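A.B. asks: Below are the sequence and a predicted model; questions follow.
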Amino acid sequence: ILLKLNSAILGHGIDPGQIWLEVTERGLMDYDTASEIIDRMRNAGYRLSIDDFGTGYSSLQHLQQIKFDTLKIDKSFVDTIAMDSAKSTVIFHIIEMAKALGVSIIAEGVERQEQADYLRSNGVTLAQGWLYSRAIPADEFKASLEGQSWQTPR
C-alpha cells in the first residue's frame, strides 16, 4: 500500500502530510497487522483518522496504543444531538475522550445548525455534512477550488 501511495504522489508536489488515511474500527480487529501498517504509514508522513468511531469494534486499549491524528465521530451519534434518546449523551463522552487522547475531531453528517452549534461549543472544530455542502462531482469540486490558497492543518 505504502509503495502505491508514494508512487502516486511522486512528482506531483504533494506532501504525505496532506493525505489523511482513514481506517474503521473494524479494520483494527487484526490489531498486530493493522498496527504495523499504520506505523509505516505514519512514519512516511501520512495522517491517520479513525473513521465511524463508535459503530464497530471498539477497543479503548487499542485507541491508546495506536498513534492516530483524528477521530471521526459517526453520523449516528451526530444525529442524536438535541434529541431525547439513550445515545444522545454518548457524543459528549466521545468528544471528551478524543480531547484526552490529544487528537483532532471531525463530526460526520452534520445536517442542522443546532448540531454545528453543539459541536462547536464542545470544541469540535472540523465537521462535514449537508449543512455545509451537498455531495458534488469531482470536476465540480475541482472547479470550486481553482484559485484558492490552502494550507494543511498541523
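C.D. replies: Structure's in. What do you need?
A.B. asks: what's next to stretch 30-39, contact-wise?
C.D. replies: Stretch 30-39 is contacted from outside by Ile1, Val23, Gly27, Leu28, Leu48, Ser59, His62, Gln65, Ile66, Lys67, Phe68, using CB atoms under 8 Å, 6 or more residues apart in numbering. Yep, even glycine has a C-beta here, placed from its N, CA and C like the rest.
A.B. asks: then it to CSV, C-alphas only?
C.D. replies: The C-alpha trace of stretch 30-39 is given here as CSV (Å, rounded to 0.1, in the frame of the first residue of the first chain):
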residue,chain,number,x,y,z
ASP,A,30,-6.4,-7.8,13.4
TYR,A,31,-4.6,-5.4,15.7
ASP,A,32,-1.0,-6.6,15.1
THR,A,33,-1.2,-6.4,11.3
ALA,A,34,-3.1,-3.1,11.4
SER,A,35,-0.7,-1.6,13.9
GLU,A,36,2.3,-2.5,11.7
ILE,A,37,0.7,-0.9,8.6
ILE,A,38,-0.4,2.2,10.5
ASP,A,39,3.1,2.7,11.9
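A.B. asks: Mean confidence (pLDDT) on that stretch, please.
C.D. replies: Mean per-residue pLDDT for stretch 30-39: 82.
A.B. asks: What of stretch 80-94?
C.D. replies: 83.
A.B. asks: Return it as CSV; C-alpha atoms alone will do.
C.D. replies: Extracted C-alpha coordinates of stretch 80-94, given in CSV (Å, rounded to 0.1, in the frame of the first residue of the first chain):
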residue,chain,number,x,y,z
THR,A,80,-28.7,12.3,18.4
ILE,A,81,-27.7,15.9,19.2
ALA,A,82,-30.7,17.8,20.7
MET,A,83,-32.7,14.5,20.7
ASP,A,84,-34.0,12.8,23.8
SER,A,85,-32.5,9.3,23.3
ALA,A,86,-30.2,7.0,25.1
LYS,A,87,-27.4,7.7,22.7
SER,A,88,-27.7,11.4,22.9
THR,A,89,-25.2,11.7,25.8
VAL,A,90,-22.6,9.4,24.2
ILE,A,91,-21.3,12.1,21.8
PHE,A,92,-20.2,14.3,24.7
HIS,A,93,-18.1,11.4,26.0
ILE,A,94,-16.6,10.6,22.6
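A.B. asks: Alright, I will stop here.
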